[in-house]
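Chemist: Return atomic coordinates for the entry below.
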Amino acid sequence: MASQMEAKLKDMAEKGYIEYGSATSLMSYFAVDKANGLDIRMVYNGTMYGLNDIIWAPWFLLPNAEDLVESVEPGTYMGDNDAGEMFLNYILHEDLKELTGIDV
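Modeler: As a prediction, the model looks like this:
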């Protein structure tokens with residue numbers, strides 16, 4: 001799992017989501033196995049140092065299975081969207097970047 005985490009962090013750096021440098025505070029993170037057992041999902045914990053309390057993120061609906069079944073009718077289509085890197089698309093203010101380091 002450590003090698004998978006290293007590969008994910010390297011990929012995120014190459015995409016410009018994270019950058020190498022120094023930080024005054026580190027955010028914790030961990031990996032969770034995906035359902036297929038072949039990949040991992042990185043989870044970032046912004047609650048530890050109060051990050052979640054100072055950033056704004058738009059609300060979006062995550063319906064449950066019952067909601068989905070109620071909305072399906074003949075002629076409708078369904079899709080599966082993976083929002084795996086969604087967290088990384090939120091741009092932090094320059095003042096916050098040094099407070100959200102991840103220890104690699």
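Chemist: can you pull out the strands in the chain?
Modeler: 28-33, 40-45 (DSSP state E).
Chemist: Which of the ones you listed sits closest to residue 12?
Modeler: Nearest to residue 12, of all these, is strand 40-45, at 8.0 Å by Cβ to Cβ. Just so you know, the C-beta spots here come from the backbone N, C-alpha and C atoms, and that holds for glycine as well.
Chemist: quick revisit: lowest-confidence stretch among the strands of the chain?
Modeler: Lowest mean pLDDT within those: strand 40-45, a mean of 86.
Chemist: For that strand, name the packing helices and strands.
Modeler: Judged by 3 or more Cβ pairs under 8 Å, 6 or more residues apart in numbering; DSSP states H and E, the packing partners of strand 40-45 are helix 2-14, strand 28-33.
Chemist: For it, buried residues please.
Modeler: 40, 42 (16 or more other Cβ atoms under 10 Å).
Chemist: just the angle between that strand and helix 2-14, please?
Modeler: With axes from the mean of the first three to the mean of the last three Cα atoms, to 10 degrees applied, the angle from strand 40-45 to helix 2-14 works out at 70 degrees.
Chemist: can you give me the offset of strand 40-45 from its chain's centre?
Modeler: 6 Å (Cα atoms, centre = their mean, to the nearest Å).
Chemist: How about residues contacting that strand?
Modeler: 1, 4-5, 8-9, 27-34, 84, 87, 102 (Cβ atoms under 8 Å, 6 or more residues apart in numbering).
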